[in-house]
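>>> with the sequence up front, the predicted model follows.
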Amino acid sequence: MIDLLFNLALAGKLYQRIADHKGNVHLIHTVRKDEFDSLNIFEKYAFIFETFWTRYDFGEIANSYIFSRDPIDRVVETIAFSKPGEELRSGAFSGYEMDDPIFSSYSVIIQYLDYFGLCTYIPVVENGKKLTKYDDRIEAVIPTEFGVKVCKILAEYDILNWNIPWLKKNGLYEKNISDNSHFGVDLFSQLMNVRGRAKASRSRKRKHKRESVPFYKLLEPVFPEGVLNKTVTAEIHKDVEGNYVFKVSLGRGVWRKIKISSRHTLEDLHDAIQMAFDFDNDHLYSFFMDGKKYSDNAYHAPLLDEGPYVNQVRIGELDLYEGQHFLYFFDYGDSWEFDVQLLQINRDEPLLKKPEVIEEKGKAPRQYGYYYDDDDEDDDWGE
């Protein structure tokens with residue numbers, strides 16, 4: 001729960017990361033946090049739940065970069081058509097009693113929905129305790145009356161399509177969508193055809209297209225009348241104009257400092273790194289923004305099967321903070337791992353037209369080690 005709330009506070013932009021002059025990272029609260037503090041308890045719940053549903057990376061829920069959103073769909077639809085207090089056991093979500101991952105590998109979904117009050121659950125225990133302290137298997141899921149009502153709304157409006165990390169990963173996110181909790185019907189109508197939900201009739205589409213409804217207003221039927229009046233609307237602009245100085249390191253004592261403008265893309269940064277280290281730019285690559293290889297928080301080379309892609313995002317849109325580290329992973333075969341650190345953002349300079357290498361240290365390795373001559377065997381790069 002601590003991990004969940006920490007990530008929701010960042011995803012909702014109630015707090016931002018900053019680094020001090022030593023590179024130590026801290027959190028500072030934003031004007032959105034001040035606005036959040038002024039909400040009543042029902043409005044706070046609606047904002048946190050909306051942040052979870054629209055901005056939390058569902059891939060992180062299952063702790064797997066190959067995670068599909070289908071389990072989330074099944075959980076919501078099953079609870080929506082269940083009876084409050086009914087015990088749902090293995091097979092209730094998948095239809096296969098012996099193979100229902102909601103009760104094992106994806107049980108964290110239920111734990112999160114339990115936190116939001118949509119259900120409770122009975123853990124698997126033996127002799128009065130869990131099999132191990134790490135065992136999160138579930139024996140039964142019990143929808144609450146509140147949970148059934150909320151899930152009916154989620155299923156009706158197809159809000160599952162409004163998860164921004166998923167939209168970005170699938171190249172469906174429109175940058176002109178408001179960042180102020182008013183995703184509304186415009187996004188809904190765009191995506192109904194993309195996912196091809198046959199159950200959505202034409203009349204239903206027309207019904208939803210007549211007006212744009214902020215997310216928190218959709219929850220009004222399940223709360224006391226008149227308590228949902230506002231949400232967090234203050235904007236935290238992501239685009240930070242200026243020239244960015246990155247330190248790109250490879251091995252001990254081998255690094256290049258690259259200056260690049262906020263209007264350049266991650267693809268431009270990739271090209272600059274390749275030139276700075278004299279590589280051949282002949283393989284696929286990814287930027288993992290949390291520094292975790294194969295995480296979902298990534299931007300990929302355009303030729304990879306899944307986005308988001310490096311040519312779709314500018315440096316200034318990444319919401320980077322000075323001192324931040326991320327991973328540039330080049331060549332999925334030979335696995336070159338570059339540590340990239342943002343040293344500073346120069347906001348008062350004219351924007352560079354082309355990236356520049358402004359400082360370097362150490363001899364870069366040859367990209368293909370098997371091309372070494374005998375005379376190169378003692379070439380101890382990076383020492």
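Yep, it's here. On a predicted model such as this, the values are computed, not experimentally measured, just so you know.
>>> which parts of the stretch 101-250 of the chain are strands?
119-123, 138-143, 243-249 (DSSP state E, counting those that start in this stretch).
>>> just want the angle from the shortest one to strand 138-143.
Spelled out, that is strand 119-123. 160 degrees (axes from the mean of the first three to the mean of the last three CA atoms, to 10 degrees).
>>> which residues does the closest residue to Glu145 other than its chain neighbours contact?
Closest residue in space to Glu145, ignoring its immediate chain neighbours: Pro84 at 4.0 Å, by CB to CB, 6 or more residues apart in numbering. All C-beta spots, glycine's among them, are computed from the backbone N, C-alpha and C. The contact partners of Pro84, taken as CB atoms under 8 Å, 6 or more residues apart in numbering, are 143-145, 147-148.
>>> switch to 7 Å and redo it
With contact taken as CB atoms under 7 Å, 6 or more residues apart in numbering, Pro84 is in contact with 143-145, 148.
>>> ok, Asn40 next?
Listed by CB under 7 Å, 6+ apart, the contact set of Asn40 reads Val227.
>>> which phi and psi does the residue lying closest to Leu303 once chain neighbours are set aside have?
Nearest non-adjacent residue to Leu303, counting by CB to CB, 6+ apart: Leu284, 6.2 Å away. When quoted as degrees, to the nearest 10, the phi and psi of Leu284 stand at phi -70, psi 160.
>>> residues of stretch 359-370 that come out buried?
Judged by neighbour count (16 or more other CB atoms under 10 Å), stretch 359-370 contains these buried residues: 362, 364-365, 367.
>>> out of those, which sit inside strands?
Of those, none are assigned to strands by DSSP state E.
>>> rewinding a little: my read is the residue nearest to Glu145 is in a strand, agree?
No - judged by DSSP: H, G, I helix; E, B strand; the rest coil, Pro84 forms no part of a strand; its state is coil.
>>> and it, how far from Tyr285?
According to CB to CB, to the nearest Å, Pro84 stands 50 Å off from Tyr285.
>>> which one's the longest strand in this protein?
Max-length strand for the chain by DSSP E is strand 336-346.
>>> what angle do it and strand 243-249 make?
Here strand 336-346 runs at an angle of 150 degrees relative to strand 243-249 (the same axes, to 10 degrees).
>>> just checking, what packs against strand 336-346?
strand 243-249, strand 325-330 (3 or more CB pairs under 7 Å, 6 or more residues apart in numbering; DSSP states H and E).
>>> can you lay out the ones you listed as JSON lines showing mean neighbour count, distance to Ser90 and mean pLDDT?
What follows is these, written out as JSON lines (neighbours: other CB atoms under 10 Å; distance: least, CB to CB, whole Å; pLDDT from 0 to 100):
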{"stretch": "strand 243-249", "mean neighbour count": "21", "distance to Ser90": "48", "mean pLDDT": "97"}
{"stretch": "strand 325-330", "mean neighbour count": "20", "distance to Ser90": "38", "mean pLDDT": "96"}
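>>> make CSV from the ones you listed and add distance to Gln274 to it.
Converted to CSV, those look like this (distance: least, CB to CB, whole Å):
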stretch, distance to Gln274
strand 243-249, 11
strand 325-330, 8
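>>> looking at those strands, which is nearest to Phe49?
strand 325-330 (29.2 Å; CB to CB).
>>> in the chain, where is pLDDT below threshold?
Counting by pLDDT under 70, the chain has low-confidence residues at 21, 23, 59-69, 126-136, 158-161, 170-212, 237-238, 370-383.
>>> which secondary structure element contains the closest residue to Tyr321 other than its chain neighbours?
Closest residue in space to Tyr321, ignoring its immediate chain neighbours: Arg17 at 4.9 Å, by CB to CB, 6+ apart. Per DSSP states H and E: Arg17 is located in strand 15-19.
>>> what do you get for Glu267?
Counting by DSSP H and E, Glu267 is part of helix 266-276.
>>> after that helix, next one along is what?
Counting by DSSP H and E, the next helix or strand C-terminal to helix 266-276 is strand 285-288.
>>> partner strands of that following strand, with direction?
Applying DSSP bridges to the sheet, strand 285-288 is found paired with strand 298-300 (antiparallel), strand 325-330 (antiparallel).
>>> ok, Glu97 - contacts?
Contacts of Glu97 by CB under 7 Å, 6+ apart are 90-91.
>>> longest helix in this structure, please.
In the chain, with assignment by DSSP state H, the single longest helix is helix 41-55.
>>> which residues sit against that helix?
When contacts are defined by CB under 7 Å, 6+ apart, helix 41-55 is touched by residues 8, 11-12, 36, 39, 116, 159, 162-164, 181, 183, 215-216, 219, 223, 227-228, 230-232.
>>> how many neighbouring residues does the residue lying closest to Tyr332 once chain neighbours are set aside have?
Nearest residue to Tyr332, sequence neighbours excluded (CB to CB, 6+ apart): Leu284, at 5.8 Å. Leu284 has 14 neighbours, counted by other CB atoms under 10 Å.
>>> quick check: Leu284 vs Ser335, distance?
12 Å.
>>> next: Val245.
Separation of Val245 from Ser335 (CB to CB): 26 Å.
>>> what's across from the nearest residue to Phe338 once chain neighbours are set aside in the sheet?
Ranked by CB to CB, 6+ apart and with sequence neighbours excluded, the top spatial neighbour of Phe338 is Tyr328, at 4.1 Å. According to DSSP bridges, the residues that bridge with Tyr328 are Phe287, Phe338.
>>> what sits against Tyr328?
By CB under 7 Å, 6+ apart, Tyr328 lies in contact with 248, 273, 285, 287, 338, 340.
>>> which one is the residue nearest the centre of the chain nearest to, not counting chain neighbours?
Nearest to the mean C-alpha position of the chain, counting by CA atoms, centre = their mean, stands Asp57 at 4.0 Å. Distances taken as CB to CB, 6+ apart place Pro165 nearest to Asp57, at 4.2 Å, with adjacent residues excluded.
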